[in-house]
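Undergrad: Pasting a predicted model and its sequence here:
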Amino acid sequence: MIRIMKNAAKILLKRKSFILTTFIFPIILIFAITGLNSSITKLNIGVINKDKGEFGKVVEDKLSSMDLIKTTDLNEGDYTQSLIYHKYEMLITIDENFTDKLLNGELSQIKYQALSESDTTQVVKNMLKSETSSLASICNNVNVKENGMDNVIKSYNEYKPDYEITNNKDAKIKISEDSLGLIFYIIFISASIGCGFLLEDERQGTKERVLMGNIKEKQYFAGLGILFLLFTMVPALEYYIISNFLDLDFGFENKILLLPIIFLISLLAVSFSIMLSSIIKNKPVFTMVISALTIPMFMLSGSFWPYDLMSSTLQKIGNALPPRWIFLAIENLQKGKDIVSILPMVGGVLLLSILLFLLSIFFTKNKVVLVKDNN
């Protein structure tokens, strides 16, 4: 089996297309996504100001004056899609009776809507709560009718604190769940497409020549499976090493656990691809089927957007998909749970990978082919 791996490695490493697909493109895309995730941009906030008085505008002006904040006035409506596609990172709704409630000594609430919680959105929430409390306190201690609304607002503006969202160069870059999901998808799809080179070996007669040397098919697939797994682990290992060097924040302390989880993605991709290559012998069709199955599988698993946004029916489907098990393991670690909590998910992915590998041996042994090679 070691000899099979050595010979196959020599053949594959001579192919520029294999090197580009397996080693270079994945790591470039991964760090492009990481760079986009960590770039410093203004936080786009949509503001629906339904207040009929003056205080709603005062709070909105205060928000727009904050550093790294860009506000957009919106009419009342459903902006869920705008949040999903990151047109706005956060929506704020000021109640129509905001001013009247404060004048009557009531603490009026501002509604918030965001797909995910970040340090900046939390700062915005805390600031608005503080400003609302300050306005309520002034209204409770000052006779607004006697002093006039303009004087009250002037007094508020003179004594209100200044807020600033600073860019701390020593702060860790936090990787969002969406970015991590995309990174896992890239690792999976590059590993899957890389395994398509198995079909080239078959077409060029490499497999037949190897099997003529008293090598069993089981040994052949095991050797190539381990080889492809080692190759597809390279981008994952590179990402882990450089992430540690840059001190990226994944939401949990013991970052060494990220490495076996990323390796699980590679293992699942290799076993899944080898199984498909055993029944689909045409490489263009194989690549098309891999893409057609992988994209919805990761979409329903919550890779491209927050899982909670999907309907309960789609979430049930997503829960049955292996990428979701891996994301659940990450979520458990981010919640501060120990390694025992992720063992069921890890075990499930391992068992499924073994099953897929055994299916590939079964299909090959029994010559089960759904799509033949036309060449």
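TA: Perfect, thanks for sending it. Small disclaimer: the values here were computed from a predicted structure and weren't measured.

Undergrad: just the strands in the stretch 51-200 of the chain please.
TA: 69-73, 90-94, 110-113 (DSSP state E, counting those that start in this stretch).

Undergrad: Would you mind finding the most buried of the ones you listed?
TA: Comparing the strands of the stretch 51-200 of the chain by mean neighbour count (mean count of other CB atoms under 10 Å), strand 90-94 comes out on top with a mean of 21. For the C-beta atoms, the positions are set from N, CA and C on the backbone; glycine is no exception.

Undergrad: tell me the angle of that one relative to strand 69-73?
TA: 50 degrees (axes from the mean of the first three to the mean of the last three CA atoms, to 10 degrees).

Undergrad: Output the longest helix belonging to this protein.
TA: Using DSSP state H, we find that the single longest helix of the chain is helix 217-246.

Undergrad: helices or strands up against that one?
TA: Packing partners of helix 217-246 (3 or more CB pairs under 8 Å, 6 or more residues apart in numbering; DSSP states H and E): helix 2-13, helix 25-38, helix 177-194, helix 206-211, helix 258-279, helix 343-365.

Undergrad: what comes up buried for that helix?
TA: Within helix 217-246, the residues that count as buried by 16 or more other CB atoms under 10 Å are 220-225, 227-229, 231-233, 235-236, 239-240, 243.

Undergrad: Tell me how far that helix lies from the chain's centre.
TA: 21 Å (CA atoms, centre = their mean, to the nearest Å).

Undergrad: so residue 283 makes contact with residue 196?
TA: Yes: between residue 283 and residue 196 there is a contact at 5.5 Å, judged by CB atoms under 8 Å.

Undergrad: how about the residue lying farthest from the centre of the chain, what does it touch?
TA: Most distant residue from the mean C-alpha position of the chain: residue 146, 55.3 Å away (CA atoms, centre = their mean). Residues near residue 146 by CB atoms under 8 Å, 6 or more residues apart in numbering: none.

Undergrad: let's number from 50 now, not from 1
TA: Okay, residue one is now 50; in that scheme the one you just asked about reads as residue 195.

Undergrad: Save the helices and strands packed on helix 266-295 as a markdown table, and put in mean pLDDT, distance to residue 178 and mean neighbour count too.
TA: Putting the helices and strands packed on helix 266-295 into a markdown table (pLDDT from 0 to 100; distance: least, CB to CB, whole Å; neighbours: other CB atoms under 10 Å) gives the following:
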| stretch | mean pLDDT | distance to residue 178 | mean neighbour count |
| --- | --- | --- | --- |
| helix 51-62 | 72 | 58 | 14 |
| helix 74-87 | 64 | 28 | 17 |
| helix 226-243 | 76 | 25 | 23 |
| helix 255-260 | 64 | 66 | 15 |
| helix 307-328 | 87 | 35 | 22 |
| helix 392-414 | 90 | 37 | 16 |
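
Undergrad: Please tabulate the strands of the stretch 100-249 of the chain in TSV, including the columns mean pLDDT and distance to residue 347.
TA: Below are the strands of the stretch 100-249 of the chain laid out as TSV (pLDDT from 0 to 100; distance: least, CB to CB, whole Å):
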stretch	mean pLDDT	distance to residue 347
strand 118-122	85	31
strand 139-143	88	26
strand 159-162	84	25
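
Undergrad: JSON lines for these, including distance to residue 112?
TA: Shown next, in JSON lines, are the strands of the stretch 100-249 of the chain (distance: least, CB to CB, whole Å):
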{"stretch": "strand 118-122", "distance to residue 112": "6"}
{"stretch": "strand 139-143", "distance to residue 112": "7"}
{"stretch": "strand 159-162", "distance to residue 112": "10"}
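
Undergrad: quick one: which of the ones you listed is nearest residue 240?
TA: Among the strands of the stretch 100-249 of the chain, the nearest to residue 240 by CB to CB is strand 139-143 (35.8 Å).

Undergrad: Could you list the paired strands of that closest one along with their orientation?
TA: strand 92-98 (parallel), strand 159-162 (antiparallel) (DSSP bridges).

Undergrad: Save those strands as CSV, and put in distance to residue 230 too.
TA: Listed next are those as CSV, based on distance: least, CB to CB, whole Å:
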stretch, distance to residue 230
strand 92-98, 21
strand 159-162, 21
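
Undergrad: do you know which of those strands lies nearest residue 402?
TA: Using CB to CB, the strands paired with strand 139-143 put strand 159-162 closest to residue 402, at 39.2 Å.

Undergrad: So what touches that closest one?
TA: Counting by CB under 8 Å, 6+ apart, 108, 128, 132, 139-144, 147, 170, 174, 177-178, 181 sit against strand 159-162.
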